[in-house]
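# need coordinates for the below:
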Amino acid sequence: MHKLYTAVSPKERGGSTATTEEYAGYTACDPRGQKIGRIERIFLNRRGEPEYIKVKMGYFGFKSILIPVLSVATDEERRTLLLQ
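Below you'll find the model as predicted:
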């Protein structure tokens, strides 16, 4: 159900082959479960680790913000990333 990933390389995550495009369209939520917005893109650092998530916010999604990634829990069924 929930997988907890700290910003580590795919090899350290147990060989996960998920790409950054797979999470586009997911809902980003804060640690309390409140919706922040829709994920547009995940930015990786030079080592291939997730560093920032670009999230579209607002009623029409005109505003975008970058959120630094420390750890994220994914819920594949609900298509949600819970930022922690």
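
# okay, now L81: neighbour count?
23 (other C-beta atoms under 10 Å). In short, each C-beta sits where N, CA and C put it, glycine included.

# run through the bridge partners of it.
A28, T74 (DSSP bridges).

# my guess is it contacts S71. True?
No. If you go by C-beta atoms under 8 Å, L81 and S71 don't touch, sitting 10.6 Å apart.

# tell me the spacing between I65 and V55.
Here the distance between I65 and V55 works out to 6 Å (C-beta to C-beta, to the nearest Å).

# pull up the overlap in contacts between the two.
Common contact partners of I65 and V55 (C-beta atoms under 8 Å, 6 or more residues apart in numbering): G37.

# who's more crowded, those two?
V55 (22 against 14).

# list the residues that contact the more buried one.
Applying C-beta under 8 Å, 6+ apart, we find V55 in contact with 28, 36-40, 64-67.

# what strand or helix carries it?
When elements are assigned from DSSP states H and E, V55 belongs to strand 50-57.
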